[in-house]
Every structure is written in structure tokens, then in C-alpha cells.
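Trainee: Predicted coordinates and the sequence they were generated for:
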Amino acid sequence: MEMAYAWGDGGGVFTFGQNSYGELGHGDVNDRKAPTKVEVLEEEDVVDAACGNEQTTVLCGDGQVFACGYNDSGQCGTGATERVLRPTRIAALSDKRITRIFAGNGCEHLAAVSDAGALYTFGFNSRGQLGLGTTTSVSTPTLVEELVGKRVVEVACSYFHTVILTVDGELFACGRNDFGQLGLGDSVDRHVPTLVSQLGDETVRAVSSGQHHTVVATTEGNLFGFGKNDHGQLGVGSFSSPFLSPTKIATLPETTVIQSLACGYYHTVCVADDGTVYSFGRNDYGQLGLGHKRHTPTPSLVDTLGRMRVVQVACGCYHTLALSDDGKVYPFGRNNHGQLGLETSQDCVTPQIIPSLRDVHVKKVAAGFYHSVCLIGLSDEEARRLDGRKKHTLSLDLRRMLNNPSRSDVKFIVDGVPLYAHGCIIMARCEPLDKMLDGRTKDGTLSEIVIPDCSAEAFTALLEFLYTDEVGALGSPNVDIEFLLELLSLADQYLVTGLERKRIFETHSDYEDAVLRLFSITSLRLSPPRVSLTYHSRYSKKCSYSRRVKALLYQIRHSQDMNEGLNDGISGVRCFYATT
């Protein structure tokens with residue numbers, strides 16, 4: 001469910017719409033009709049955002065959480081109830097390793113999930129929606145004890161109820177239930193998370209909640225709704241209400257599988273795995289994006305989004321944002337505070353691209369009561385290119401330090417040749433070599449280590465990989481197989497896992513098959529590979545690469561028929577080892 005993002009480079013947080021309580025995070029209470037960058041977050045690596053009722057929360061890559069806006073019930077998590085005009089760090093979550101945050105378009109409480117799947121809630125709690133067993137609001141994030149031992153992956157927050165999804169596909173619900181919005185088959189509130197057992201063997205993959213309704217999608221490809229349905233927000237084909245138990249929505253095309261959901265106060269929007277979008281429910285502001293304002297009780301294709309692939313939708317109370325896979329945002333619905341980001345206050349009944357974000361790549365959208373948030377970042381392709389450039393630059397810098405006596409604190413003596421290195425890099429990259437140093441670099445003097453039974457060429461290549469993640473010689477078509485074998489043996493001896501057999505032989509696959517066959521000779525007991533490499537290296541060095549071993553390698557390397565050369569070589573090495 002989880003996605004992988006790259007917002008830390010060249011991005012930012014942009015907000016627009018209503019700002020009566022500072023929910024846009026600019027330090028004032030002025031509305032914005034166009035996306036405006038939140039300057040206070042400019043240096044933060046923001047990776048997620050969630051919006052509630054006139055409140056905004058963002059999550060950073062290091063697990064820190066910031067909140068701003070309406071805070072009368074403590075939903076900003078600061079331990080107080082004063083309104084917060086700028087994003088403020090939630091100190092109580094600083095050591096919790098938070099990886100997900102959740103809020104709803106009109107809710108006044110928040111949920112945060114740690115990397116271990118622990119659930120913390122805070123804010124408004126008049127109907128037990130925090131799942132803490134009480135109806136008292138909480139201004140500090142509090143662990144939901146009832147779910148300890150469960151791994152939470154997703155939370156849907158409504159104004160008065162909360163629905164929780166675990167990694168096992170189980171669904172739990174708590175809070176207000178007078179319309180059956182908890183899906184428990186009755187209309188009794190729950191103050192602690194209670195298992196929604198009426199779904200039977202269905203495994204839930206996505207969930208979202210409106211003001212008084214809930215919709216879930218399952219891995220089996222089914223869609224279920226429960227709760228209030230006076231505007232057709234359950235998509236069951238009627239306006240009858242309520243539904244106390246999960247009711248299947250059967251009007252989607254048979255091959256359509258819903259992968260994600262979003263609910264406004266009284267409408268629902270679904271994204272299928274092929275990027276198509278379906279909507280149903282209340283539509284008096286055009287929040288369904290269907291080109292009209294009629295309430296619609298059955299899932300209807302938003303055909304104006306058909307020319308792009310949608311990857312996420314977010315719903316405010318009466319507006320919707322759709323995000324395409326190329327990073328463009330298409331809002332529709334109510335726009336009385338500029339929450340569509342179109343620099344007007346005119347409602348839209350069909351999706352319109354946000355012009356000021358046309359030339360950037362949006363990675364995530366979120367929507368609150370009358371406001372919206374966009375996280376700007378790099379496309380996946382741009383992120384890969386940047387990552388490659390960063391690695392290339394670092395590799396060049398470290399290469400300049402390789403075997404450079406200047407400021408080195410380690411000297412390896414290999415086959416009589418001094419090779420210079422740096423203890424900090426050895427410590428970070430190679431535990432066996434670090435143990436050989438045994439802390440001798442701490443006094444600032446040059447530590448000298450003798451490496452026996454090894455050529456300077458091969459050990460230099462090993463150091464090159466530790467410094468740069470590369471070995472230049474491996475790119476040469478004329479590299480000697482003796483060098484390859486010795487480097488493979490060193491990588492094995494010093495546990496340098498990045499230099500595995502596949503990488504060393506990736507440009508010399510003709511050698512690889514021959515070497516593997518050579519090292520699998522059962523009569524020489526040269527299996528498994530770790531034993532065989534050590535065995536071969538020890539005896540080769542002991543005998544100084546005798547004429548017979550060199551003849552073997554020559555036969556493998558130069559025979560027109562690889563199998564013929566290998567067979568001749570095997571005979572030779574058997575004879576050689578039999579006489580040692």
C-alpha cells in the first residue's frame with residue numbers, strides 16, 4: 001500500500017484555500033487562491049501531508065511531524081489548545097519513528113502510525129473516535145492500547161468516527177455509529193477499536209470515511225459501503241439510508257479493481273488499478289467531476305480524466321483533487337475559498353488543471369474542509385538521475401582519496417607495496433579489515449598492516465570498491481582471469497558482499513561458467529564456492545602460480561572451444577594438486 005517518494009530535492013509544500021485559523025501555514029489568516037509555498041518548511045524533507053477541519057499536518061522523512069491551524073481540541077498535538085499559525089513540531093512524536101499520518105476532510109482529530117505499526121491518536125474525542133476508551137479530547141499523541149500487537153497500515157478519520165486497517169487486512173472501527181458507519185451491524189457507539197467481522201473472508205486493501213459513511217475496497221476486487229446514504233454516497237444505486245452492515249457495491253465494470261479511495265463529507269471517489277476514476281454521492285458543487293450537479297447514487301466514470309492515468313485522489317468536504325502519474329493536479333467541485341488553486345472562486349463541475357503547477361511535478365495531494373495541499377518533488381525518472389549524479393560526484397571525490405598518503409591514517413603493505421587508506425572508510429565499509437586495525441588509528445598515528453598472500457593489484461581493486469562502489473578494471477575486456485579469481489577470493493575473505501560473483505563476472509560471462517565448473521570438481525573437494533576459492537587461492541600462492549596452473553588458466557582463456565579448454569585444464573589441475 002505503501003509507496004516510495006522523492007520530495008527532498010527541488011520540492012516544497014504548497015497550500016491554498018481557506019486560512020481562517022492558519023491552516024495554510026503562512027503565519028497569517030489570509031486565504032490563498034493560488035498554490036503558495038510554505039516557507040517555514042522549505043528546509044524540511046516533507047514526505048506526506050494530511051488535512052482535517054481547518055488544520056494541516058505534514059510528515060518529514062526523518063519521522064518528525066509538524067502541524068498548524070485549528071487546535072481547539074488539541075488536534076495539533078502540541079499539548080495545548082491555542083491555534084497554531086505556522087507548522088510546529090509535535091514534540092511528543094519525535095522519538096516514535098512515525099511513517100504515516102492520517103486526517104479527514106472535516107475531522108478534528110489525527111492519527112499517526114510508527115514504523116512498527118503502533119497507532120497514536122489525538123484531538124477531538126466526543127464520541128470515542130480516538131479509540132482510547134474515553135470520550136475526553138486529548139492534546140498529546142496517545143498510544144491506542146487496544147491495538148498493541150497489531151500492525152496498523154492505514155487509518156480513515158471522519159469527524160466523529162475512525163476506521164483502522166491492519167497489515168493483515170483486518171478492519172477495526174470506533175466512534176460514532178448512529179448510522180451504522182462502523183459497519184458492525186448495529187447503531188451503538190464504540191470507544192475502542194472493534195473488529196468489523198461482517199466482511200467475512202474479504203481482505204481489505206483500502207478504506208475511507210465521510211461525515212457519516214465508510215467505503216472499503218478489498219483485495220478480492222470488491223467494494224463495500226456502510227453508514228448514511230442520503231446522497232447516494234455508498235454507491236449502492238439508491239438514496240435509501242442507513243446501511244448498518246457492509247453492503248456490496250456491484251455496479252462497477254466486472255474487470256475494475258479499486259486500489260484507493262477518498263471521501264468528502266457526502267461523496268466518494270475511487271481510483272482503479274488502471275488509473276480510471278469513479279465517483280458517486282452528493283454533487284451540488286460538481287465535486288464528482290461529471291460535468292453536472294446531480295447527486296449520483298451509482299459509481300460513474302469521470303471520463304474527462306480518461307486521457308491520463310490517475311494515481312491518487314483527495315477529497316475536501318465539497319471538492320476533489322485528482323493527481324495524475326505525470327505529476328499534474330486536476331481539481332473540481334466547490335471553490336468558495338480558492339481551494340481549487342485556480343486563482344478564482346468559481347466552482348468547477350469538471351476537472352481543470354492547476355495552471356501554476358503545470359511545470360512542476362506534484363507527488364502527493366491532500367484536502368481539508370476548504371483548503372488543499374500539494375507536495376512538489378521530482379518525478380521518479382528525475383530522482384533516479386539525481387541519485388546517479390550524487391553517487392557519481394561522491395565517487396569522484398572518494399576516488400581522489402584512494403591510495404593517497406595525504407592525511408591517510410592506515411598503510412597496508414601488500415606484496416611489498418605500500419597502499420594508503422583511511423580508517424573511517426574502512427570502519428564503515430569492511431568489518432574484517434576494521435577488526436584488523438583494532439582501534440590503532442585513534443591516536444592519530446599511521447597504522448601499518450601487512451596483508452599476506454595477495455597481490456597489490458587485487459588488493460588495490462578491493463580498496464577501490466570500498467571507496468567508490470566500482471572497480472574500473474572490471475570494465476576491461478582484456479582483464480586477466482587470475483585477477484578476477486583473486487579479487488573474488490578477497491571479496492569472499494573480507495565479506496565485501498557488493499563484489500559478489502555476478503558483479504565480478506558480469507562482463508566476463510565466458511570465464512564464469514568455466515570457473516564454476518572448475519570449482520565443482522568433487523574429487524578435489526572444492527565445493528561450496530567459499531571453500532573452493534580459499535582452497536584455490538591458498539594453493540596457487542603456495543606454488544607461486546606454477547606452470548601447470550598458468551597453463552590451466554591459459555587453456556580456459558584462449559581455447560576456441562571453452563569446454564575443450566576447460567576439460568584440458570581440469571586434467572591439468574587434477575594432476576597438479578595430486579603432486580602437491
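Mentor: Okay, I see it. Residues are numbered from 1 along each chain as shown.
Trainee: Which residues does the helix or strand harbouring residue 432 contact?
Mentor: Residue 432 is located in helix 431-437, with elements delineated by DSSP states H and E. Contacting residues not belonging to helix 431-437 are listed as 410, 423, 426, 427, 447, 449, 493, 494, 495 [C-beta atoms under 8 Å, 6 or more residues apart in numbering]. From N, CA and C alone the C-beta is placed, and that goes for glycine too.
Trainee: Give me the neighbour count for the residue lying closest to the first one once chain neighbours are set aside.
Mentor: Nearest residue to residue 410, sequence neighbours excluded (C-beta to C-beta, 6 or more residues apart in numbering): residue 421, at 4.3 Å. Here the count is done by other C-beta atoms under 10 Å, and residue 421 has 25 residues near it.
Trainee: for residue 421, what are its contacts?
Mentor: 402, 403, 408, 410, 411, 412, 463.
Trainee: just these now: which is nearest residue 38?
Mentor: Here the nearest of the contacts of residue 421 to residue 38, counting by C-beta to C-beta, is residue 402; it sits at 43.0 Å.
Trainee: picking that back up, report the buried residues of the helix holding residue 432.
Mentor: The neighbour-count check on helix 431-437 (16 or more other C-beta atoms under 10 Å) flags 433, 434, 436, 437 as buried.
Trainee: Stretch 301-313 too?
Mentor: 301, 302, 304, 305, 308, 310, 311, 312, 313.
Trainee: Quote the end-to-end distance of that stretch.
Mentor: Stretch 301-313 has an end-to-end distance of 14 Å (C-alpha to C-alpha, to the nearest Å).
Trainee: average model confidence for it?
Mentor: For stretch 301-313, mean pLDDT is 96.
Trainee: Give me the contact list for it.
Mentor: Applying C-beta under 8 Å, 6+ apart, the set of residues contacting stretch 301-313 is 260, 262, 269-271, 274-279, 288-291, 320-326, 328, 330, 350-351, 364-365.
Trainee: what's the distance between that stretch and the middle of its chain?
Mentor: 23 Å (C-alpha atoms, centre = their mean, to the nearest Å).
Trainee: give me phi/psi at the closest residue to residue 462 other than its chain neighbours?
Mentor: Among residues not flanking residue 462 along the chain, residue 490 sits closest, at 4.9 Å (C-beta to C-beta, 6+ apart). When read as degrees, to the nearest 10, the backbone of residue 490 gives phi -60, psi -40.
Trainee: do you know how far residue 490 is from residue 473?
Mentor: Distance, residue 490 to residue 473, using C-beta to C-beta, to the nearest Å: 13 Å.
Trainee: likewise residue 72?
Mentor: 67 Å.
Trainee: Could you do residue 457 as well?
Mentor: From residue 457 to residue 473 the distance is 8 Å (C-beta to C-beta).
Trainee: Can I get stretch 457-473 as CSV, trimmed to CA atoms?
Mentor: What follows is the C-alpha trace of stretch 457-473 in CSV, where atoms were taken according to Å, rounded to 0.1, in the frame of the first residue of the first chain:
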residue,chain,number,x,y,z
GLU,A,457,46.8,-5.2,-7.9
ALA,A,458,43.9,-7.2,-6.5
PHE,A,459,44.0,-5.5,-3.0
THR,A,460,44.0,-2.1,-4.7
ALA,A,461,40.9,-3.1,-6.6
LEU,A,462,39.3,-4.2,-3.3
LEU,A,463,40.1,-0.8,-1.8
GLU,A,464,38.8,0.9,-4.9
PHE,A,465,35.4,-0.8,-4.4
LEU,A,466,35.3,0.1,-0.7
TYR,A,467,35.9,3.8,-1.6
THR,A,468,33.8,4.1,-4.8
ASP,A,469,31.5,1.1,-5.2
GLU,A,470,33.3,0.5,-8.5
VAL,A,471,36.3,-1.4,-9.9
GLY,A,472,37.5,0.2,-13.1
ALA,A,473,39.4,-2.9,-14.2
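Trainee: Any idea how many residues pack against residue 174?
Mentor: Neighbours of residue 174 using other C-beta under 10 Å come to 27.
Trainee: Residue 484 should be in a helix, yeah?
Mentor: Yes. Counting by DSSP: H, G, I helix; E, B strand; the rest coil, residue 484 falls inside a helix.
Trainee: Any idea how many residues pack against it?
Mentor: Using other C-beta under 10 Å, residue 484 is surrounded by 21 other residues.
Trainee: for residue 246, same thing?
Mentor: Residue 246 has 29 neighbouring residues, counting by other C-beta under 10 Å.
Trainee: residues near the residue nearest to it when sequence neighbours are not counted, how many?
Mentor: Leaving aside its sequence neighbours, residue 246 sits nearest to residue 224 (C-beta to C-beta, 6+ apart; 4.0 Å). Residue 224 has 26 neighbouring residues, counting by other C-beta under 10 Å.
Trainee: Quick check: which element contains residue 224?
Mentor: Going by DSSP H and E, residue 224 is part of strand 223-227.
Trainee: Give me the contact list for that strand.
Mentor: The contact list for strand 223-227 (C-beta under 8 Å, 6+ apart) reads 179-183, 199, 202, 210, 212-218, 233-236, 242-249, 252, 258, 268, 270, 299.
Trainee: Generate a ChimeraX selection restricted to the buried subset of those.
Mentor: Buried subset of these, written as a ChimeraX selection, criterion 16+ other C-beta under 10 Å:
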select :179,180,181,182,183,199,202,210,212,213,214,215,216,217,218,233,234,235,236,242,243,244,245,246,247,249,252,258,268,270,299
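Trainee: Sheet-wise, list the partners of the following helix or strand past the strand holding residue 224 with their directions.
Mentor: Note on strand 223-227: by DSSP H and E, the next helix or strand toward the C-terminus is strand 243-248. Applying DSSP bridges to the sheet, strand 243-248 is found paired with strand 223-227 (antiparallel).
Trainee: returning to that earlier point: for the contacts of helix 431-437, which one is nearest residue 187?
Mentor: Taking C-beta to C-beta as the measure, residue 187 sits nearest to residue 495 out of those, at 62.1 Å.
Trainee: in what helix or strand does the closest one lie?
Mentor: Assigned by DSSP H and E, residue 495 falls outside every helix and strand.
Trainee: same thing with residue 173?
Mentor: Assessed by DSSP H and E, residue 173 sits inside strand 171-175.
Trainee: Buried ones in the helix or strand just after that strand, by neighbour count?
Mentor: Per DSSP H and E, strand 171-175 leads on to strand 190-195 as the next helix or strand towards the C-terminus. Of the residues in strand 190-195, 190, 191, 192, 193, 194 count as buried by neighbour count, 16+ other C-beta under 10 Å.
Trainee: Strand 190-195 pairs with which strands, parallel or anti?
Mentor: The strands beside strand 190-195 in its sheet (DSSP bridges) come out as strand 171-175 (antiparallel).
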